[in-house]
Every structure is written in structure tokens, then in C-alpha cells.
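[1] Let me see the structure of the following:
(4 chains)
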Number of protein chains: 2
Amino acid sequence: MSEGAGVASQRIADQLRERILTGQLAPGTRIIQDELAEELRTSRLPVREALRIVASQGLITLRANQGAWVTRMDMRECDLTYRMRERLEPMLLTESAPHLTDDDIDELSELQDRIERGTEVEEFLVLDRRLHWTVYRHHNAEELASICARLWDTTQHYRRAFTRLTGSQRGWIIGAEHRLLIQALRDRDHVSAEQVLELHIRRTRVELSRHPEVFG
Amino acid sequence: MSEGAGVASQRIADQLRERILTGQLAPGTRIIQDELAEELRTSRLPVREALRIVASQGLITLRANQGAWVTRMDMRECDLTYRMRERLEPMLLTESAPHLTDDDIDELSELQDRIERGTEVEEFLVLDRRLHWTVYRHHNAEELASICARLWDTTQHYRRAFTRLTGSQRGWIIGAEHRLLIQALRDRDHVSAEQVLELHIRRTRVELSRHPEVFG
DNA sequence: GCCGCTCCAAATGGATCCATTTCGAGGCCG
DNA sequence: CGGCCTCGAAATGGATCCATTTGGAGCGGC
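    Numbering: from 1, shown residues only, chains lettered A, B, ... in the order given. Predicted structure coming up:
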């Protein structure tokens, strides 16, 4: 795949990705090669390659002779993306779970503690992601993992909007799901862990589908 | 995503993809920018972009400051790819099946007739692919479809080797599975169609896992 | 007053040139 | 004789310049 090529291109791609995931660049925003190049003190060439890298991760959309925009999703696409996650992330869990150490699982508990103590949306998004990917930490399936990461990233903006909207109402549900997941992992009951994870993603999808206003 | 950008880049990417899928370029083959550029009467720049496009589809692997190789898989990766297909292609079927016309289904039957009459490996690969993607013809899920296509493409070389190896021994199994799939679609029994499709992919995966020599 | 045509500025696409990195061949030293 | 080091060719990465395309502003005609 495309982890290689161009140190500069990769750096620029990472920065672009960061800005999109943190919400600095909203879906629909146009990205102009010259602007990015000047701002990052480089030529347009590595910028062009960076745009391609980020496009291959689904975060921006390119159109020939026209330019690049931060990818925009409608509710239908977002729903489908969550359905894919429901089928793929449990696979990723299965690949990783047998290799989780007791320390890993303690780390999961601590992350959930912090999630429950916190109130900031941005903090929640970071911790939630870190929790999930700690579960997947020992996967040995790059392809699968990169697809899952892509599905996660492309819905990040709408997850943020959704979280802001529903506030802490859903906190205890997510908490219960996370705790059940962590306990199943601690018990080495991987089938249940898979099932809880699928449930967790599906429940979020269903709730999201009840908030069309997230998609403006 | 990355359907746009650079008419030339896109053309070159298509040619590269074609050569890999038809087996002209085997996994592990190194691709040198200068050679491709000279052969296609263009400069290295669109070649570089084409390499990125094809890399984003998983068919070649880039390493910074080193170059590009046709992606090589081991049995474990191939097995995982088939497992992903088992979970995703039935989804794609579900998106498309309700919109299949009687003509579409007749076309499927004719394709299967031709598969059963033929003996050439290359012909089989083409017809088999056409059959599957005729089933998916009316999907309205670009992301899902592009992931499925990617999973299909990256295993193409090993499917070819496998087909050459097992010859026509598996022909009647594939025929039965395809016929059952087509009949379920004709009966508008989409749940059964999904199930047959999953079975079909899983059976192929299991057989493939019994032939490690394919990954020599 | 509205629609359409022309032309121009701005942005993307491609070619060429130069810099940098990698890897192997060949020689030198131990 | 073998291992290491150096050097150079070859390939990739980046910068600059030019070509092409696009879309909108402004003018003209109906």
C-alpha cells in the first residue's frame, strides 16, 4: 500500500489529515494547492502528492482539473459506513484480542474512567478513539486495520457533531457498552467481546440515524 | 475519494492496473518510473501520480526513497482478505439485489452458461468477475463497492494460480453455487442470496487455504 | 432586463532540471 | 581470503517553469 514515498509529502499529508480530523477543516472546504504550499514553505509538487495520499484515505475528494475538497457525506453514506464498521471491527478485535495483556486491559479501564470523568467533546473523541484502538493494538492485519481506520476517520466530523448535539445523554450507554466490552476481554470471552462491539457500533449508528440535522 | 485528477495519470494508472490484473506484472516485480514514462511517451510526473493511485488501490506497494513493487501477499493475508469479502460482498448484494431486473438475471444465467462451456483459465476469471459484478450492478454505495473491488483485485493473482492448479475439478461446485445464487435472486429471496454468496466466498477461501503452494 | 458570449485571471496538470538517497561494485586493509 | 569502507551510477524526491483547463466577470445583443 502507500505508507511510503516522499518524506515531505507524508508530512504534509499528516498535517492535512490532522486538520480534518480535529475539525479545523470542515467537509466541503476547498483546498488550494498554492495556499497550502506557501503556508508550509514548500513547492506545489509534494502538496499534490499529499492530496493524493489523503484522498486515498477518503478524507478529501479530487476532481480532475478542478481541485480538492474535504469529503462530505450524507446520512445514507454515513449509515453505510457504520454498517461496514459493524462487520469489520469485530474481525479486527478477533485478530487482536487473544494477544491482549492484563496491562492492556487495565489501560482500557483507565481510559473508560477518564471518559466518564470528562465532559469535553474533543477530549471524549480522543479518548474514545484511543480506547477502541487499544483493543485492536495487537492485530496483525494491516489491510483490515487500514480499512477500519479509514471508515472511522471519514465519519469523524459527523460523530463530533452528533456528540455535541446529544451531549452527555448517551454517556451512560456508551459507558455500559465499553465496560461490558472490557469485562468480556478480561474474561477472555472473545465471542462476547465481538458481539458487544458490534452492538456498540450498531447502537451508535441507530442513534445517529435519528439526528438528520447532523448532516445539515 | 480519488477518481479525479490528471487525465494522463488516470490513463497510466488504468494501464498499470490492467497489466497487474492480467498477470503481465507478477507480485514482487519492481516498477521503475523512468521505464514506464519512456514506454508511455510521457514524463515521470504523471507516472509518479499513477503509482500513487494504484498504490491506494492496494495493487502496488511504495517505499520512501526506494520505489514501487507489485504487492505480494502471503497466505495469511489472502485468507484475511477473503474473510473481509465474506462480510462485505453480501452487503453489496443487499444494496443492489432489490433493483435487479429480469434482464439482469437472464444475463447472469447466460454468463454462467458460458462459464460452464469454457475451459480457459483467463476466460473463466473474466466471466466470473463479470458475473459477480453484474449482481452488484445497481448498488448505490461507492465506498463499499470500491473496497470490495480492491479486495477482489489484490487477490486476483492468487486466484489465477489457484484456478490453474485445481483446473476444472472445482467447476461443478462453483457452478452449483452460482446457480443457487442466481435462482435465489430470481425468486427475490435476497436473504438466501446473501447466504449463498457468503458460502461461495467462504468455500473458495477454505479450498485456497489447502493449497499453500499458490503462494510459493 | 435577462440571457449568452467572450475573454481573462486563477488554479490545476505536465515537462524539465537539479538534489538527495540508496545500493551495489570494487578495492583496500586487516 | 573475507569483511568493511568508499565511491559512483541509478533511481526517487523536489523545485521551477510552461501549458491547459475552468469558471466567473463584464460586455453586448436580443
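[2] CA atoms for contacts and neighbours, from now on please.
    Fine.
[3] any idea which helix is longest in chain A?
    helix A:75-96 (DSSP state H).
[4] Close to chain B: what parts of chain A are there?
    A:1-7, A:49, A:52-53, A:55-67, A:71, A:77, A:80-81, A:84, A:87-88, A:141, A:143-144 (Cα under 8 Å from any Cα of the partner chain).
[5] where exactly do the strands run in chain A?
    Using DSSP state E, the strands found in chain A span residues A:30-31, A:60-63, A:67-70.
[6] Would you give the sheet partners of the first one, along with the direction of each?
    This points to strand A:30-31. strand A:67-70 (antiparallel) (DSSP bridges).
[7] What lies in contact with the strand it pairs with?
    A:20, A:25-32, A:51, A:59-62, B:5 (Cα atoms under 8 Å, 6 or more residues apart in numbering or on different chains).
[8] okay, the angle between the longest helix of chain A and helix B:75-96?
    150 degrees (axes from the mean of the first three to the mean of the last three Cα atoms, to 10 degrees).
[9] picking that back up, buried by neighbour count, from the residues of chain A next to chain B: which ones?
    A:1-2, A:4-6, A:49, A:52-53, A:55-62, A:71, A:77, A:80-81, A:84, A:87-88, A:141, A:143-144 (16 or more other Cα atoms under 10 Å in any protein chain shown).
[10] distance of the most centrally placed residue in chain A from residue B:85?
    Central residue of chain A (Cα atoms, centre = their mean): residue A:152, 2.9 Å from the mean position. For residue A:152, the distance to residue B:85 equals 19 Å [Cα to Cα, to the nearest Å].
[11] same check, this time on residue A:26
    The value you get for residue A:26 to residue B:85, if Cα to Cα is used, is 32 Å.
[12] So if I had to pick from these two, which one is more boxed in?
    residue B:85 (23 against 16; other Cα atoms under 10 Å in any protein chain shown).
[13] give the contact list for the more buried one.
    Neighbours of residue B:85 in contact, by Cα under 8 Å, 6+ apart: B:148, B:151, B:152, B:201.
[14] ok, which residues in chain A are in contact with DNA strand D?
    A:4-9, A:42-46, A:65-66 (Cα under 7 Å from any atom of the strand).
[15] one more time with 6 Å
    Residues of chain A found near DNA strand D, taking Cα under 6 Å from any atom of the strand as the criterion, are A:5, A:6, A:7, A:8, A:9, A:42, A:43, A:44, A:45, A:46, A:65, A:66.
[16] Enumerate every residue touching the residue nearest to the centre of chain A.
    With Cα under 8 Å, 6+ apart, residue A:152 has these contacts: residue A:85.
[17] And residue A:114, by the same measure?
    Residue A:114 neighbours (Cα under 8 Å, 6+ apart): residue A:127.
[18] low-confidence ranges in chain A?
    Low-confidence segments of chain A (pLDDT under 70): A:1-5.
[19] tell me the domain boundaries of it?
    A:7-70, A:75-215 (automatic domain parsing).
[20] Which among those domains is found nearest to residue B:188?
    Closest approach to residue B:188 among these (Cα to Cα): domain A:75-215, 22.1 Å.
[21] next one: that closest one to chain centre, how far?
    How far domain A:75-215 lies from its chain's middle: 9 Å, per Cα atoms, centre = their mean, to the nearest Å.
[22] again, but for stretch A:72-82
    With Cα atoms, centre = their mean as the basis, the mean position of stretch A:72-82 lies at 14 Å from the chain mean.
[23] what sits up against that stretch?
    Against stretch A:72-82 from outside (Cα under 8 Å, 6+ apart): A:27-28, A:151, A:155, A:201-202, A:205, A:209, A:212, A:215, B:141, B:143-144.
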